[in-house]
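Chemist: Provided below are the primary sequence and the corresponding predicted coordinates.
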Amino acid sequence: MKPPTIKHASLILATAVLGATALTGCDDAADAVHAQPAAAAPTAHPTEQSALQAFYRQKPTWTRCGEVQCATLTVPMDYARPENGRTFTLPLAKVAAADPAQRIASLVFNPGGPGASGAGYLKDGGVSSFSARTRARFDIVGFDPRGVAGSKPAVDCGSSDATDQDEPASGDTATSVYPRTDADRNAALADAVRQVAACKAHSGDILPHVGTLDAARDLDVLRAVLGDQKLSYLGWSYGTYLGTVYGELFPERVRALVLDGAMDPSLTWSEEALQQGKAFQKSVDDYAQQCATVVHDACPATTPDGIRKVVTDLSARTSKHPLRIEGTTQRLDETMLLTAITMSMYTPEAQWQDLSEALRAARKGDGTKLAELASPGISTQDSSPESESDPSATAEQAPDNSSVAITAVNCLDHPHPGDPQPYWDLVERAHKEAGAIGASTVLAELTCKDWPAGQQQPHRVHAVGLPPVLVVGTTGDPATLYPWAQSLAAQLPGGMLLTYKGLGHTAYGRSNACVTDAVDAYLTDLRPVPSGTTC
């Protein structure tokens with residue numbers, strides 16, 4: 001599985017973000033000193049025919065749900081035919097500005113993915129990722145993009161249970177992450193065909209409509225519905241691509257864009273996959289080198305070379321003899337092992353401890369902890385009667401379809417060849433340059449071979465009239481590489497690059513006061529970040 005590019009891997013690992021700011025009550029933006037005038041749908045833009053006016057003029061009804069306020073947004077399924085009655089209904093969540101008298105506007109965010117739930121992120125306490133200064137001046141607004149999580153409809157590729165029942169309940173069968181023989185390649189192709197067929201069977205009518213181009217148009221409807229003449233936005237990881245596309249479509253409607261953990265829209269699918277595989281391989285080397293500094297005695301070996309050997313040995317072992325997973329008939333194969341390792345590179349300070357303990361257990365033949373890191377939804381215990389009889393435990397949680405949503409959006413956004421040979425050629429190159437991790441990263445793209453084609457093509461940003469945009473890049477980011485941030489900042493008119501020297505994925509909300517202060521000053525006061533600023 002390709003590592004999802006999200007803000008924090010803790011979203012996937014189901015680690016709750018601690019702390020939530022109390023609500024100050026209903027939104028009183030109309031009386032706020034710094035509130036912007038209410039925004040209707042401008043009529044000048046060619047995408048806004050008269051049929052779109054009803055969507056732009058929605059009045060959301062905000063109700064309390066836990067520690068946040070919730071509402072919904074209706075958007076047309078097909079912007080080329082907004083009058084046909086087919087729509088997506090998107091969940092919204094909001095934490096109102098802590099200082100209403102100094103409120104500037106709404107700050108809309110996307111936590112990444114594609115496939116992460118913005119509404120769910122706030123419900124889980126994600127507002128703590130924003131500084132007190134930002135929370136005071138903005139309503140923090142999250143949403144589920146079309147097809148994601150609580151979106152209705154949402155991408156559905158069917159239950160994995162049927163697939164699991166077709167797999168051996170035990171034994172030594174493993175999936176190859178580096179298919180070299182015809183048999184291995186035919187098996188990989190057959191698996192990809194099954195995945196696409198399942199998605200088309202369950203969600204075929206919406207798959208052409210879940211791409212970022214349409215999601216960016218949804219973002220503009222949301223801006224207007226929130227009452228903002230111009231958008232203030234913070235995107236992490238994939239959210240940077242969504243923000244970039246919005247800036248290209250609606251440059252005159254941007255107030256401030258923060259793009260943290262940048263995607264580079266000029267890259268092809270093959271360039272992106274190859275570079276990301278190499279970056280994750282380097283991050284595993286960083287883990288081996290710096291494990292003792294971060295988690296001390298918990299490391300799976302006492303030296304960097306020893307840690308590298310643990311990973312290499314387990315990779316070879318699980319490729320032939322998958323490890324047992326307690327409480328389930330599934331087995332930890334090499335694919336699941338590499339997924340657990342790469343996903344643990346997103347936030348070293350929060351994840352390396354668990355990874356180290358999981359690797360130690362795996363050396364003894366127990367793959368349970370690694371399986372939980374690779375697939376947090378895996379059931380290693382029977383459901384308890386208590387959890388089944390308490391509907392309130394899950395009433396506020398939308399279904400997590402992130403694993404299929406990331407495929408649906410990525411395949412639509414990035415054109416892929418329909419011939420398998422380019423994939424095999426790239427797998428060979430990736431294996432030479434980044435080992436099994438590189439090969440597995442490329443192999444994950446095979447599902448896109450038969451996916452519906454989207455309209456987007458790799459290109460350099462064209463956004464005449466876009467105000468200065470702040471791009472944040474982390475030098476040791478394995479999921480969205482630092483050179484991508486450099487490239488995006490150079491493509492944007494007036495692009496400003498803020499560099500965070502460190503490991504892990506993204507910077508704002510998990511790095512240091514230097515990054516926080518620079519981002520806050522830009523968001524609240526539109527203060528420029530000087531060229532070459534490094535934290």
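Modeler: Great, that's in hand.
Chemist: Can you give the distance from stretch 366-374 to the centre of its chain?
Modeler: Remark: stretch 366-374 is offset 22 Å from the chain centroid, using Cα atoms, centre = their mean, to the nearest Å.
Chemist: now what about that stretch, what contacts it?
Modeler: With contacts defined as Cβ atoms under 8 Å, 6 or more residues apart in numbering, stretch 366-374 is touched by 1, 13, 318, 322-328, 330-332, 336-337, 339-340, 343-344, 351, 354-355, 357-359, 361-362, 378, 380. Just so you know, the C-beta spots here come from the backbone N, C-alpha and C atoms, and that holds for glycine as well.
Chemist: Mean confidence (pLDDT) on it, please.
Modeler: Averaging pLDDT along stretch 366-374 yields 96.
Chemist: Which pLDDT value goes with M343?
Modeler: Listed pLDDT for M343 reads 95.
Chemist: before we move on, back to that, show the buried residues in the contacts of stretch 366-374.
Modeler: 1, 13, 318, 322-325, 330-332, 336-337, 339-340, 343-344, 351, 354-355, 357-359, 361-362, 378 (16 or more other Cβ atoms under 10 Å).
Chemist: part of a helix, is Q455?
Modeler: No. Judged by DSSP: H, G, I helix; E, B strand; the rest coil, Q455 forms no part of a helix; its state is coil.
Chemist: Need the phi and psi values for it.
Modeler: Torsion angles at Q455 (phi, psi; degrees, to the nearest 10) stand at phi -90, psi -20.
Chemist: Could I get the contacting residues of the closest residue to it other than its chain neighbours?
Modeler: The shortest distance from Q455 to any non-neighbouring residue, by Cβ to Cβ, 6 or more residues apart in numbering, is to L213 (6.0 Å). By Cβ under 8 Å, 6+ apart, the residues touching L213 are 245, 249, 413, 454-456.
Chemist: again, 7 Å this time
Modeler: Shown in contact with L213 (Cβ atoms under 7 Å, 6 or more residues apart in numbering): 245, 455-456.
Chemist: Quick check: ChimeraX command selecting the buried ones in those residues.
Modeler: A single ChimeraX command selects the buried members of these (16+ other Cβ under 10 Å):
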select :245,456
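Chemist: V515: which of the contacts of L213 is nearest?
Modeler: Closest approach between these and V515, by Cβ to Cβ: V245, at 24.3 Å.
Chemist: Would you mind giving the secondary structure of the nearest residue to P251 once chain neighbours are set aside?
Modeler: For P251, ignoring the flanking residues on the chain, the nearest one in space by Cβ to Cβ, 6+ apart is L466 at 3.9 Å. What three-state DSSP gives for L466 is coil.
Chemist: Distance of L466 relative to T240?
Modeler: Taking Cβ to Cβ, to the nearest Å as the measure, L466 falls 14 Å from T240.
Chemist: Between those two, tell me which one has more neighbours.
Modeler: Between L466 and T240, counting by other Cβ atoms under 10 Å, T240 is the more crowded of the two (32 against 22).
Chemist: A helix includes that one, no?
Modeler: Yes. Looking at T240 with three-state DSSP, it is inside a helix.
Chemist: Give me the number of neighbouring residues for the nearest residue to it once chain neighbours are set aside.
Modeler: Closest residue in space to T240, ignoring its immediate chain neighbours: L259 at 3.8 Å, by Cβ to Cβ, 6+ apart. Counted by other Cβ under 10 Å, the residues lying close to L259 total 29.
Chemist: these two touch, right, L259 and G243?
Modeler: Yes. Applying Cβ atoms under 7 Å as the test, L259 and G243 come out as touching, 5.3 Å apart.
Chemist: any shared contact partners between these two?
Modeler: G235.
Chemist: where does this protein dip in pLDDT?
Modeler: 1-49, 160-175, 377-396 (pLDDT under 70).
Chemist: Specify the helix with the largest residue count in it.
Modeler: Longest helix of the chain, by residue count under DSSP state H: helix 269-295.
Chemist: what's the next secondary structure element after that helix?
Modeler: From helix 269-295 onward toward the C-terminus, using DSSP states H and E, the following helix or strand is helix 304-320.
Chemist: Give the other helices and strands that that next one contacts.
Modeler: helix 269-295, helix 334-343, helix 348-363 (3 or more Cβ pairs under 7 Å, 6 or more residues apart in numbering; DSSP states H and E).
Chemist: Counting neighbours, which bits of the first one end up buried?
Modeler: Within helix 269-295, the residues that count as buried by 16+ other Cβ under 10 Å are 269-270, 272-284, 286-288, 290-292, 294-295.
Chemist: same for it, what does it pack against?
Modeler: helix 304-320, helix 348-363, helix 421-443.
Chemist: Would you mind listing the buried residues in stretch 295-313?
Modeler: For stretch 295-313, burial by neighbour count (16+ other Cβ under 10 Å) applies to 295, 298-301, 304, 307-308, 310-311.
Chemist: Let's have these in TSV, adding distance to A71.
Modeler: Listed next are these as TSV, based on distance: Cβ to Cβ, whole Å:
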residue	distance to A71
V295	42
A298	44
C299	47
P300	47
A301	51
P304	51
I307	48
R308	50
V310	49
V311	46
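Chemist: which of those lies closest to S176?
Modeler: V311 (17.7 Å).
Chemist: show me where the stretch 401-535 of the chain has helices.
Modeler: Secondary structure of the stretch 401-535 of the chain, counting by DSSP state H, counting those that start in this stretch: helices at 402-413, 421-443, 482-491, 513-525.
Chemist: Show me the contact partners of the first one.
Modeler: Outside helix 402-413, the residues that touch it by Cβ under 7 Å, 6+ apart are 1, 4, 12, 113-116, 147-148, 155, 157, 199, 207, 210-212, 447-448, 451-452, 454, 456.
Chemist: out of the residues you listed, which are inside strands?
Modeler: Among the contacts of helix 402-413, the members falling in strands (DSSP state E) are G113.
Chemist: Doesn't L373 lie inside a helix?
Modeler: Yes. Under three-state DSSP, L373 sits within a helix.
Chemist: What's the local residue count around it?
Modeler: L373 has 26 nearby residues by other Cβ under 10 Å.
Chemist: how far away is it from S283?
Modeler: 15 Å.
Chemist: OK, contacts around the closest residue to A71 other than its chain neighbours?
Modeler: Counting by Cβ to Cβ, 6+ apart, A71 lies nearest to P60, which is 3.7 Å off, once chain neighbours are set aside. Going by Cβ under 7 Å, 6+ apart, P60 touches 71-73, 92, 225.
Chemist: Report the two of these separated the most.
Modeler: The distance between the two most remote of the contacts of P60 (Cβ to Cβ) is 10.4 Å, for T72 and V225.
Chemist: Between those two, which is the more surrounded one?
Modeler: Using other Cβ under 10 Å as the criterion, T72 and V225 rank with V225 on top: 22 against 17.
Chemist: quick one, what contacts the closest residue to that one other than its chain neighbours?
Modeler: Computed as Cβ to Cβ, 6+ apart, the closest residue to V225 that is not its neighbour in sequence is Q58, at 5.0 Å. Going by Cβ under 7 Å, 6+ apart, Q58 touches 73-74, 225.
Chemist: do the same with G118
Modeler: So G118 contacts 109-111, 142-144 (Cβ under 7 Å, 6+ apart).
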